[in-house]
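Peer 1: Curious how this folds, go ahead:
(one chain, ligands or ions: 1)
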Amino acid sequence: MTIDQSERDAKRNLWLHFTRMSAYQESDVPVIVRGEGPYVYDQRGKKYLDGLSGLFVSQVGHGRTSIAEAGARQASELAYFPLWSYAHPKAIELAARLAELAPGDLNRVFFTTSGSEAVESAWKLAKQYFKLIGEPGRYKVLSREIAYHGTSMGALAITGLADIKHPFEPLPAGGVRVPNTNFYRAPLFGDDVVAFGKWAADEIERAILREGPESVAAVFLEPLQNSGGCFPPPPGYFERVRSICDRYGVLLVSDEVICAFGRLGYYFGSERYGYQPDIITFAKGVTSGYAPLGGMMVSDRLMEPFEAGTATFLHGVTFAGHPVSAAVALANLDIFEKEDLLGNVRRNEGAFRATLEKLNDLPIVGDIRGDGYFYGIEMVKDKATRETFDDDESERLLRGFLSHALYDAGLICRADDRGDPVIQLSPPLICGQEHFDFIEQTLRTVLTEAWQRI
Ligand SMILES: Cc1ncc(COP(=O)(O)O)c(C=O)c1O
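Peer 2: Numbering: from 1, shown residues only. Here you go, the predicted model:
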């Protein structure tokens, strides 16, 4: 296929996700054809630093033949068999390996094919679990404002982004919002992040009491909230949330679709922040994207009612725990171990932060926040007052300029205004100082030009 034909067919036949298709009437659809390490290449051969790991996915980087070969071997041996009543060796091996890595007694792995399905499964499990143990009124889920938890109807009901929910309402009942941990936008607390964290956790308790504890099944939280631009948890926040959940018999679900598998320098984000979830949902980095896979890891306590009599979790997905994906995940985890990728993130995260913080001298940079290899840079109109851009300005800045300019400059990252306007970075875990420098220099050039255009 020629380049022209592929660009024409991309416009004519392919429907891009969360994309204004009209934006491509005048310009070409970017077509990425190849990847190597932390870089990808478009069909004209131009090189880009994959500063978002695709979509928070490509932890080990691109072009890993050991993973590709593991997938191919598995496809020749047993391409497919369901996990409905049967098991297959790679799903067994992966479940055991994940249980070994997971914190505490999260010993049971229920596979899915995606993060949305993982979130959906966790909510369904929470509901059925409470029915089985004689608390049938518990069905509600608390989650944070602006948090993204997926797009299927249940996951969307948990998601805290009003704009992407409206077209699909009414959604399943039971989604309840609580505040997120955006300390930059919490002026009442001054520089007392601990008091802010206590307040934010206590808002969860207030919501449980308001809704009625007997109706609340679970709280869904990311270790570090992605949407809105990387909100880390304040010190003490999760410890307090855990004790609130215990007080009212509510499950704590750690949605680690982004934060697991090294993004924060640990296999699981909950490990980094020192809390014990009842369920962890995961996807993305478990395979570094070499094949699709997601799932949830569940505590022994939640499994217990399903281990006796006729009880059955009435839920399943045809391709969940696909043998090829499971084989790929195992090969991916082998690379984590062999190359000490968690160590790489822990050794370099300070340098990543310090390099990004050089951008603080730019007038448009309001806040730089995150942990590990996961950062958000919030852009503001006025650094002193923290005034943000209005909708028109944000539209011109992000869609009209930044997204294209960063891509043209060879940096793939995300310019997002689902909350206040931010640029997000989540490079592959193999990155080091040369990549941080490229990110900083590219952002410096592009953000300087953006400021001049405002
Ligand atoms: C925290 C979180 N949960 C769930 C999802 C949904 O995952 P998927 O797109 O694989 O369905 C995402 C996707 O980015 C996510 O970030």
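Peer 1: Whatever residue of the chain ends up closest to the ligand: neighbour count?
Peer 2: Residue of the chain nearest the ligand, by Cβ to the nearest ligand atom: Gly115 (2.2 Å). C-beta: built from backbone N, CA, C; applies to glycine. Gly115 has 26 neighbouring residues, counting by other Cβ atoms under 10 Å.
Peer 1: Over to Gly432?
Peer 2: Counted with other Cβ under 10 Å, the neighbours of Gly432 add up to 14.
Peer 1: Renumber starting at 51 from here on
Peer 2: With the count now opening at 51, the last piece we talked about shows up as Gly482.
Peer 1: Near the spatially closest residue to it that is not a sequence neighbour, how many residues? Count them for me, please.
Peer 2: Leaving aside its sequence neighbours, Gly482 sits nearest to Asn398 (Cβ to Cβ, 6 or more residues apart in numbering; 5.9 Å). Asn398: 20 surrounding residues under other Cβ under 10 Å.
Peer 1: cool, the one 3 residues further on as well?
Peer 2: Summarising burial for Ala401: neighbours were counted as other Cβ under 10 Å, giving 13.
Peer 1: residues contacting it?
Peer 2: Gly482, Gln483, Phe486 (Cβ atoms under 8 Å, 6 or more residues apart in numbering).
Peer 1: can you redo these as a markdown table with pLDDT, distance to Ser77 and secondary structure?
Peer 2: Converted to a markdown table, the contacts of Ala401 look like this (pLDDT from 0 to 100; distance: Cβ to Cβ, whole Å; DSSP: H, G, I helix; E, B strand; the rest coil):
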| residue | pLDDT | distance to Ser77 | secondary structure |
| --- | --- | --- | --- |
| Gly482 | 98 | 33 | coil |
| Gln483 | 98 | 34 | helix |
| Phe486 | 98 | 30 | helix |
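Peer 1: So which of the residues you listed reach the ligand?
Peer 2: The overlap between these and the neighbours of the ligand (Cβ under 6 Å from any ligand atom) is empty.
Peer 1: ok, those vs Gly101, which is closest?
Peer 2: Within these, the smallest distance to Gly101 is 10.0 Å, found for Phe486 (Cβ to Cβ).
Peer 1: on that earlier part again, so the residue nearest to Gly482 sits right up against Ile480, yeah?
Peer 2: No: using Cβ atoms under 8 Å, Asn398 is not in contact with Ile480; the gap is 10.1 Å.
Peer 1: any idea how far the residue sitting nearest the centre point of the chain lies from Val110?
Peer 2: Centroid-nearest residue in the chain: Ile308, 2.7 Å away (criterion: Cα atoms, centre = their mean). Taking Cβ to Cβ, to the nearest Å as the measure, Ile308 falls 16 Å from Val110.
Peer 1: Show me which residues of the chain sit near the ligand.
Peer 2: So the chain meets the ligand at 164-166, 169, 198-200, 272, 276, 305, 307-308, 333, 344 (Cβ under 6 Å from any ligand atom).
Peer 1: So which of these belong to helices?
Peer 2: Gly165, Ser166, Val169 (DSSP state H).
Peer 1: The last one: what's it in contact with?
Peer 2: By that I understand Val169. Applying Cβ under 8 Å, 6+ apart, the residues near Val169 are His199, Gly200, Ser202, Gly204, Ala205, Ile208, Phe270, Asp305, Val307, Thr331.
Peer 1: Tell me how many other residues crowd the fifth one.
Peer 2: Pointing back at Ala205 there. Neighbour tally, Ala205, other Cβ under 10 Å: 29.
Peer 1: name the element it belongs to?
Peer 2: helix 203-208 (DSSP states H and E).
Peer 1: Need the buried ones from the contacts of Val169 selected in ChimeraX.
Peer 2: In ChimeraX, a selection of the buried entries from the contacts of Val169 looks like this (16 or more other Cβ atoms under 10 Å):
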select :199,200,204,205,208,270,305,307,331
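Peer 1: tell me which of the contacts of Val169 is nearest to Val79?
Peer 2: For the contacts of Val169, the nearest to Val79 is Gly200 (24.7 Å; Cβ to Cβ).
Peer 1: Once you drop chain neighbours, what's closest to that closest one?
Peer 2: Computed as Cβ to Cβ, 6+ apart, the closest residue to Gly200 that is not its neighbour in sequence is Ser166, at 3.1 Å.
Peer 1: Next, count neighbours for the one you found.
Peer 2: With other Cβ under 10 Å as criterion, Ser166 counts 23.
Peer 1: does it really touch Ser202, like I thought?
Peer 2: Yes: if you go by Cβ under 8 Å, Ser166 and Ser202 touch, sitting 4.4 Å apart.
Peer 1: out of the residues of the chain next to the ligand, which are inside strands?
Peer 2: Judged by DSSP state E, the residues of the chain next to the ligand include Asp305, Gly344 as members of strands.
Peer 1: Tabulate the residues of the chain next to the ligand (JSON lines), appending distance to His138 and pLDDT.
Peer 2: Converted to JSON lines, those look like this (distance: Cβ to Cβ, whole Å; pLDDT from 0 to 100):
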{"residue": "Ser164", "distance to His138": "20", "pLDDT": "98"}
{"residue": "Gly165", "distance to His138": "23", "pLDDT": "98"}
{"residue": "Ser166", "distance to His138": "24", "pLDDT": "98"}
{"residue": "Val169", "distance to His138": "25", "pLDDT": "98"}
{"residue": "Tyr198", "distance to His138": "32", "pLDDT": "98"}
{"residue": "His199", "distance to His138": "29", "pLDDT": "98"}
{"residue": "Gly200", "distance to His138": "26", "pLDDT": "98"}
{"residue": "Glu272", "distance to His138": "31", "pLDDT": "99"}
{"residue": "Asn276", "distance to His138": "32", "pLDDT": "98"}
{"residue": "Asp305", "distance to His138": "27", "pLDDT": "99"}
{"residue": "Val307", "distance to His138": "24", "pLDDT": "98"}
{"residue": "Ile308", "distance to His138": "28", "pLDDT": "98"}
{"residue": "Ala333", "distance to His138": "20", "pLDDT": "98"}
{"residue": "Gly344", "distance to His138": "17", "pLDDT": "98"}
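Peer 1: List just the nearest of the residues of the chain next to the ligand to Glu289.
Peer 2: The closest of these, once distances to Glu289 are taken by Cβ to Cβ, is Glu272, at 16.6 Å.
Peer 1: Right, I'll call it a day here.
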